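Enquirer: sequence unavailable; structure follows:
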Ligand SMILES: NC(=[NH2+])NCCC[C@H](N)C(=O)O
(Lines give C-alpha, C1' and ligand atoms only; values in the text may rest on other atoms or scores of the structure.)
Protein backbone atom coordinates (compact mmCIF):
# COMPACT_ATOMS: atom_id res chain seq x y z
CA UNK A 1 0.00 0.00 0.00
CA UNK A 2 0.99 3.65 0.09
CA UNK A 3 2.46 6.21 -2.23
CA UNK A 4 6.19 6.40 -2.77
CA UNK A 5 6.36 9.13 -5.41
CA UNK A 6 4.27 11.54 -7.42
CA UNK A 7 4.68 9.65 -10.66
CA UNK A 8 4.72 5.92 -9.94
CA UNK A 9 1.98 3.82 -11.49
CA UNK A 10 -1.30 4.88 -9.88
CA UNK A 11 -3.24 1.84 -8.62
CA UNK A 12 -5.82 3.09 -6.14
CA UNK A 13 -7.42 6.46 -5.40
CA UNK A 14 -9.96 7.90 -2.99
CA UNK A 15 -12.67 10.16 -4.43
CA UNK A 16 -15.34 11.90 -2.40
CA UNK A 17 -18.84 12.37 -3.74
CA UNK A 18 -19.99 15.95 -4.24
CA UNK A 19 -22.73 17.00 -1.90
CA UNK A 20 -24.66 20.20 -1.30
CA UNK A 21 -22.11 22.18 -3.28
CA UNK A 22 -24.24 25.33 -3.39
CA UNK A 23 -24.43 25.44 0.39
CA UNK A 24 -20.80 26.27 0.91
CA UNK A 25 -19.11 29.59 0.51
CA UNK A 26 -16.49 30.51 -2.02
CA UNK A 27 -13.25 30.01 -0.13
CA UNK A 28 -10.58 31.01 -2.58
CA UNK A 29 -9.68 33.70 -5.13
CA UNK A 30 -9.84 31.25 -8.03
CA UNK A 31 -13.49 30.43 -7.26
CA UNK A 32 -14.69 33.88 -6.29
CA UNK A 33 -15.70 34.98 -9.75
CA UNK A 34 -18.62 32.53 -9.59
CA UNK A 35 -21.67 32.98 -7.40
CA UNK A 36 -21.86 29.70 -5.48
CA UNK A 37 -25.66 29.47 -5.52
CA UNK A 38 -25.58 29.24 -9.34
CA UNK A 39 -23.36 26.15 -9.42
CA UNK A 40 -25.24 23.26 -11.02
CA UNK A 41 -25.00 20.37 -8.56
CA UNK A 42 -26.39 17.83 -11.04
CA UNK A 43 -23.59 18.74 -13.44
CA UNK A 44 -20.96 18.53 -10.70
CA UNK A 45 -22.25 15.02 -9.94
CA UNK A 46 -22.07 14.07 -13.61
CA UNK A 47 -18.49 15.31 -13.77
CA UNK A 48 -17.59 13.31 -10.69
CA UNK A 49 -19.03 10.22 -12.31
CA UNK A 50 -17.03 10.96 -15.48
CA UNK A 51 -13.79 11.09 -13.51
CA UNK A 52 -14.67 7.94 -11.59
CA UNK A 53 -15.45 6.11 -14.84
CA UNK A 54 -12.22 7.30 -16.42
CA UNK A 55 -10.17 5.95 -13.50
CA UNK A 56 -12.01 2.64 -13.50
CA UNK A 57 -11.60 2.32 -17.27
CA UNK A 58 -7.86 2.82 -16.84
CA UNK A 59 -7.75 -0.07 -14.36
CA UNK A 60 -7.32 2.13 -11.29
CA UNK A 61 -9.27 1.10 -8.19
CA UNK A 62 -11.57 3.83 -6.94
CA UNK A 63 -12.70 4.05 -3.32
CA UNK A 64 -15.68 6.36 -2.86
CA UNK A 65 -16.31 8.39 0.28
CA UNK A 66 -19.77 9.79 0.96
CA UNK A 67 -19.49 12.94 3.07
CA UNK A 68 -22.29 14.54 5.06
CA UNK A 69 -24.23 17.46 3.58
CA UNK A 70 -22.30 19.80 5.86
CA UNK A 71 -19.13 19.16 3.83
CA UNK A 72 -19.64 20.89 0.48
CA UNK A 73 -15.90 21.09 -0.25
CA UNK A 74 -15.08 17.46 0.61
CA UNK A 75 -15.28 16.66 -3.13
CA UNK A 76 -11.67 17.89 -3.12
CA UNK A 77 -10.48 14.77 -1.30
CA UNK A 78 -6.83 15.58 -2.04
CA UNK A 79 -6.86 18.16 0.69
CA UNK A 80 -7.38 15.68 3.55
CA UNK A 81 -3.61 15.29 3.91
CA UNK A 82 -0.58 13.61 2.38
CA UNK A 83 0.11 9.96 1.62
CA UNK A 84 3.58 8.40 1.77
CA UNK A 85 4.56 4.73 1.64
CA UNK A 86 4.22 4.41 5.43
CA UNK A 87 0.66 5.79 5.48
CA UNK A 88 -1.33 9.01 5.64
CA UNK A 89 -0.60 12.25 7.48
CA UNK A 90 -3.94 13.86 8.21
CA UNK A 91 -4.00 17.59 7.60
CA UNK A 92 -5.70 20.35 9.52
CA UNK A 93 -7.95 22.49 7.34
CA UNK A 94 -7.39 26.23 7.45
CA UNK A 95 -11.02 27.21 6.82
CA UNK A 96 -13.73 26.55 9.41
CA UNK A 97 -16.21 25.08 6.89
CA UNK A 98 -13.77 22.30 6.00
CA UNK A 99 -12.60 21.36 9.52
CA UNK A 100 -15.11 18.53 10.04
CA UNK A 101 -13.72 16.77 6.95
CA UNK A 102 -10.69 15.59 8.94
CA UNK A 103 -12.71 13.38 11.25
CA UNK A 104 -14.78 12.16 8.33
CA UNK A 105 -11.77 11.18 6.21
CA UNK A 106 -10.10 9.69 9.29
CA UNK A 107 -12.92 7.19 9.62
CA UNK A 108 -12.97 6.53 5.86
CA UNK A 109 -9.25 5.68 5.94
CA UNK A 110 -9.73 3.50 9.01
CA UNK A 111 -12.44 1.56 7.22
CA UNK A 112 -10.06 1.05 4.31
CA UNK A 113 -7.37 -0.11 6.78
CA UNK A 114 -4.98 2.62 5.62
CA UNK A 115 -2.48 3.44 8.41
CA UNK A 116 -2.48 6.99 9.75
CA UNK A 117 1.05 7.94 10.74
CA UNK A 118 0.47 11.46 11.98
CA UNK A 119 -1.86 14.40 12.19
CA UNK A 120 -1.34 18.17 12.04
CA UNK A 121 -3.00 19.80 15.04
CA UNK A 122 -3.45 22.98 17.09
CA UNK A 123 -2.26 26.15 15.40
CA UNK A 124 -0.73 24.17 12.57
CA UNK A 125 -2.66 24.01 9.30
CA UNK A 126 -1.88 21.78 6.35
CA UNK A 127 -3.97 20.84 3.29
CA UNK A 128 -3.02 18.10 0.84
CA UNK A 129 -3.10 20.38 -2.21
CA UNK A 130 0.19 21.72 -0.88
CA UNK A 131 1.92 18.32 -0.73
CA UNK A 132 4.06 17.25 -3.70
CA UNK A 133 6.62 14.50 -4.04
CA UNK A 134 9.65 15.58 -6.10
CA UNK A 135 11.29 12.17 -5.82
CA UNK A 136 11.05 9.26 -3.38
CA UNK A 137 12.83 11.15 -0.61
CA UNK A 138 11.98 14.76 -1.35
CA UNK A 139 8.65 16.47 -0.73
CA UNK A 140 7.72 20.06 -1.56
CA UNK A 141 5.18 21.77 0.70
CA UNK A 142 3.40 24.87 -0.55
CA UNK A 143 2.91 27.74 1.86
CA UNK A 144 0.16 29.76 0.21
CA UNK A 145 -3.35 30.29 1.52
CA UNK A 146 -3.81 27.13 3.59
CA UNK A 147 -0.65 25.50 4.97
CA UNK A 148 1.15 27.62 7.56
CA UNK A 149 4.66 27.57 9.05
CA UNK A 150 3.52 25.64 12.12
CA UNK A 151 1.80 23.04 9.93
CA UNK A 152 5.01 22.74 7.94
CA UNK A 153 7.05 22.35 11.15
CA UNK A 154 4.76 19.54 12.35
CA UNK A 155 5.01 17.84 8.95
CA UNK A 156 8.81 17.95 9.22
CA UNK A 157 8.57 16.43 12.70
CA UNK A 158 6.52 13.52 11.33
CA UNK A 159 8.35 12.93 8.04
CA UNK A 160 12.01 13.74 8.60
CA UNK A 161 12.59 10.85 11.05
CA UNK A 162 11.31 8.58 8.26
CA UNK A 163 14.05 9.86 5.96
CA UNK A 164 12.12 12.43 3.91
CA UNK A 165 13.56 15.86 3.08
CA UNK A 166 10.98 18.63 3.03
CA UNK A 167 11.17 21.93 1.16
CA UNK A 168 8.87 24.85 1.87
CA UNK A 169 7.56 26.68 -1.18
CA UNK A 170 6.14 30.08 -0.20
CA UNK A 171 3.98 31.60 -2.96
CA UNK A 172 1.22 34.11 -3.65
CA UNK A 173 -1.82 33.01 -1.54
CA UNK A 174 -4.18 33.95 -4.39
CA UNK A 175 -3.05 30.73 -6.06
CA UNK A 176 -4.54 28.73 -3.15
CA UNK A 177 -2.45 25.54 -3.16
CA UNK A 178 0.85 24.43 -4.68
CA UNK A 179 -1.03 21.95 -6.90
CA UNK A 180 -2.68 24.86 -8.72
CA UNK A 181 0.75 25.98 -9.98
CA UNK A 182 2.99 22.95 -10.05
CA UNK A 183 2.62 19.23 -10.75
CA UNK A 184 5.18 16.59 -11.52
CA UNK A 185 4.01 14.53 -14.51
CA UNK A 186 7.02 12.22 -15.00
CA UNK A 187 10.02 11.72 -12.69
CA UNK A 188 11.81 14.52 -14.56
CA UNK A 189 9.09 16.73 -16.06
CA UNK A 190 6.72 19.05 -14.21
CA UNK A 191 4.14 21.47 -15.54
CA UNK A 192 4.24 24.80 -13.81
CA UNK A 193 3.50 28.47 -13.72
CA UNK A 194 7.21 28.98 -13.19
CA UNK A 195 7.09 32.77 -12.79
CA UNK A 196 5.06 32.23 -9.63
CA UNK A 197 7.55 29.78 -8.10
CA UNK A 198 10.24 31.10 -5.72
CA UNK A 199 13.87 31.09 -6.93
CA UNK A 200 15.19 28.55 -4.36
CA UNK A 201 12.49 26.09 -5.47
CA UNK A 202 13.41 26.57 -9.14
CA UNK A 203 17.05 25.91 -8.19
CA UNK A 204 16.06 22.74 -6.33
CA UNK A 205 14.11 21.48 -9.34
CA UNK A 206 17.14 22.14 -11.49
CA UNK A 207 19.40 20.23 -9.06
CA UNK A 208 16.99 17.30 -9.12
CA UNK A 209 17.03 17.30 -12.92
CA UNK A 210 13.36 18.25 -13.23
CA UNK A 211 12.55 20.32 -16.32
CA UNK A 212 9.44 22.42 -16.68
CA UNK A 213 6.63 22.69 -19.18
CA UNK A 214 5.66 26.28 -18.57
CA UNK A 215 2.59 28.42 -19.11
CA UNK A 216 1.08 31.76 -18.16
CA UNK A 217 -0.49 32.89 -14.88
CA UNK A 218 -3.96 32.70 -16.44
CA UNK A 219 -3.67 28.90 -16.55
CA UNK A 220 -3.55 28.80 -12.74
CA UNK A 221 -7.10 30.16 -12.86
CA UNK A 222 -8.26 27.74 -15.59
CA UNK A 223 -6.81 24.76 -13.65
CA UNK A 224 -4.32 24.09 -16.43
CA UNK A 225 -1.57 22.91 -14.10
CA UNK A 226 -3.90 20.86 -11.88
CA UNK A 227 -3.40 17.59 -13.75
CA UNK A 228 -3.23 14.12 -12.25
CA UNK A 229 -0.19 12.02 -13.06
CA UNK A 230 -0.99 8.32 -13.58
CA UNK A 231 2.57 7.09 -13.97
CA UNK A 232 4.05 5.59 -17.14
CA UNK A 233 4.06 9.08 -18.75
CA UNK A 234 0.27 9.35 -18.60
CA UNK A 235 -1.86 12.12 -17.13
CA UNK A 236 -5.48 13.11 -16.72
CA UNK A 237 -6.10 16.69 -17.80
CA UNK A 238 -9.07 18.91 -18.57
CA UNK A 239 -10.29 18.66 -22.16
CA UNK A 240 -10.60 22.43 -22.57
CA UNK A 241 -6.97 23.12 -21.64
CA UNK A 242 -5.77 22.42 -25.16
CA UNK A 243 -2.53 24.44 -25.00
CA UNK A 244 -1.04 22.67 -21.99
CA UNK A 245 -2.34 19.32 -23.26
CA UNK A 246 -0.57 19.87 -26.56
CA UNK A 247 2.66 20.83 -24.78
CA UNK A 248 2.51 17.62 -22.72
CA UNK A 249 1.86 15.53 -25.84
CA UNK A 250 4.84 17.12 -27.55
CA UNK A 251 6.96 15.80 -24.67
CA UNK A 252 5.68 12.31 -25.35
CA UNK A 253 3.05 12.14 -22.62
CA UNK A 254 -0.30 10.42 -23.08
CA UNK A 255 -3.03 12.85 -22.06
CA UNK A 256 -6.43 11.44 -21.03
CA UNK A 257 -8.89 14.29 -21.33
CA UNK A 258 -11.88 14.66 -19.06
CA UNK A 259 -14.74 17.11 -19.57
CA UNK A 260 -15.01 18.93 -16.25
CA UNK A 261 -16.05 22.58 -16.14
CA UNK A 262 -18.71 23.07 -13.45
CA UNK A 263 -16.69 21.61 -10.54
CA UNK A 264 -13.90 24.08 -11.32
CA UNK A 265 -16.20 26.88 -10.18
CA UNK A 266 -15.58 25.69 -6.62
CA UNK A 267 -11.88 26.30 -7.13
CA UNK A 268 -10.51 22.80 -7.64
CA UNK A 269 -9.73 20.46 -10.53
CA UNK A 270 -8.81 16.85 -11.23
CA UNK A 271 -5.74 16.80 -9.00
CA UNK A 272 -7.67 18.35 -6.11
CA UNK A 273 -10.42 15.74 -6.48
CA UNK A 274 -8.02 12.79 -6.29
CA UNK A 275 -6.38 11.42 -3.16
CA UNK A 276 -3.89 8.74 -4.25
CA UNK A 277 -3.87 5.72 -1.96
CA UNK A 278 -1.51 3.49 -3.86
CA UNK A 279 1.24 3.95 -6.39
CA UNK A 280 3.77 1.35 -7.44
N1 LIG B 1 -6.02 20.89 -3.86
C2 LIG B 1 -6.76 21.90 -4.21
N3 LIG B 1 -6.26 22.84 -4.99
N4 LIG B 1 -8.00 22.00 -3.71
C5 LIG B 1 -8.95 22.97 -4.06
C6 LIG B 1 -9.92 23.22 -2.94
C7 LIG B 1 -11.06 24.09 -3.32
C8 LIG B 1 -12.03 24.31 -2.19
N9 LIG B 1 -13.21 24.94 -2.64
C10 LIG B 1 -11.38 25.16 -1.12
O11 LIG B 1 -11.31 26.35 -1.29
O12 LIG B 1 -10.94 24.66 -0.14
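Expert: Ah, there it is. Just so it is clear, the model here is predicted, and its values are computed rather than measured.

Enquirer: residue in the chain nearest to the ligand?
Expert: At 2.4 Å from the ligand, residue 129 is the closest residue in the chain, using C-beta to the nearest ligand atom. From N, CA and C alone the C-beta is placed, and that goes for glycine too.

Enquirer: tell me the contacts of that residue?
Expert: Residue 129 is in contact with 76, 78-79, 142, 146, 176-180, 268, 271-272, counting by C-beta atoms under 8 Å, 6 or more residues apart in numbering.

Enquirer: so which residues on the stretch 51-200 of the chain come close to the ligand?
Expert: Applying C-beta under 6 Å from any ligand atom, we find that the stretch 51-200 of the chain lies next to the ligand at 73, 76, 78, 79, 98, 129, 176, 177, 179, 180.

Enquirer: mind doing that once more with 5 Å?
Expert: Within the stretch 51-200 of the chain, the residues that sit near the ligand (C-beta under 5 Å from any ligand atom) are 73, 76, 78, 129, 177, 179.

Enquirer: switch these over to JSON lines; also include pLDDT and secondary structure.
Expert: Converted to JSON lines, these look like this (pLDDT from 0 to 100; DSSP: H, G, I helix; E, B strand; the rest coil):
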{"residue": "73", "pLDDT": "96", "secondary structure": "coil"}
{"residue": "76", "pLDDT": "98", "secondary structure": "coil"}
{"residue": "78", "pLDDT": "98", "secondary structure": "helix"}
{"residue": "129", "pLDDT": "98", "secondary structure": "helix"}
{"residue": "177", "pLDDT": "98", "secondary structure": "coil"}
{"residue": "179", "pLDDT": "98", "secondary structure": "helix"}
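
Enquirer: what's residue 186 sitting at in phi/psi?
Expert: Backbone torsions for residue 186, taken as degrees, to the nearest 10, come to phi -140, psi 170.

Enquirer: that one: how many residues sit nearby?
Expert: The burial count assigned to residue 186 is 20, neighbours taken as other C-beta atoms under 10 Å.

Enquirer: what do you get for the one 4 residues further on?
Expert: Counted by other C-beta under 10 Å, the residues lying close to residue 190 total 26.

Enquirer: the one 5 residues further on now?
Expert: Using other C-beta under 10 Å, residue 195 is surrounded by 11 other residues.

Enquirer: give the contact list for it.
Expert: Neighbours of residue 195 in contact, by C-beta under 8 Å, 6+ apart: residue 217.

Enquirer: quick check: phi and psi at it.
Expert: Main-chain torsions, residue 195, degrees, to the nearest 10: phi -60, psi -20.

Enquirer: can you tell me how far it sits from residue 66?
Expert: 40 Å (C-beta to C-beta, to the nearest Å).

Enquirer: for residue 278, name its beta-bridge partners.
Expert: Beta-bridge partners for residue 278, by DSSP bridges, are residue 2, residue 12.

Enquirer: isn't it up against residue 12?
Expert: Yes - with contact defined as C-beta atoms under 8 Å, residue 278 counts as touching residue 12 (3.9 Å).

Enquirer: stretch 206-214: end-to-end distance?
Expert: One end of stretch 206-214 to the other measures 14 Å (C-alpha to C-alpha, to the nearest Å).

Enquirer: contact partners of it?
Expert: Counting by C-beta under 8 Å, 6+ apart, 134-135, 138, 184-185, 188-194, 205, 244, 247-248, 251 sit against stretch 206-214.

Enquirer: avg pLDDT for the longest helix along the chain?
Expert: Determined from DSSP state H, the single longest helix within the chain is helix 41-57. Across helix 41-57, pLDDT averages out at 98.

Enquirer: stretch 153-160 too?
Expert: 98.

Enquirer: just say helix, strand or coil for residue 152.
Expert: helix (DSSP: H, G, I helix; E, B strand; the rest coil).

Enquirer: next up, the contacts around it.
Expert: Neighbour list for residue 152: 124, 126, 141, 143, 166, 168 [criterion: C-beta under 8 Å, 6+ apart].

Enquirer: okay, helices next: where are they in this structure?
Expert: For the chain, the helices defined by DSSP H cover 41-57, 100-111, 149-159, 199-207, 218-221, 242-250, 270-273.

Enquirer: cool, thanks, signing off.
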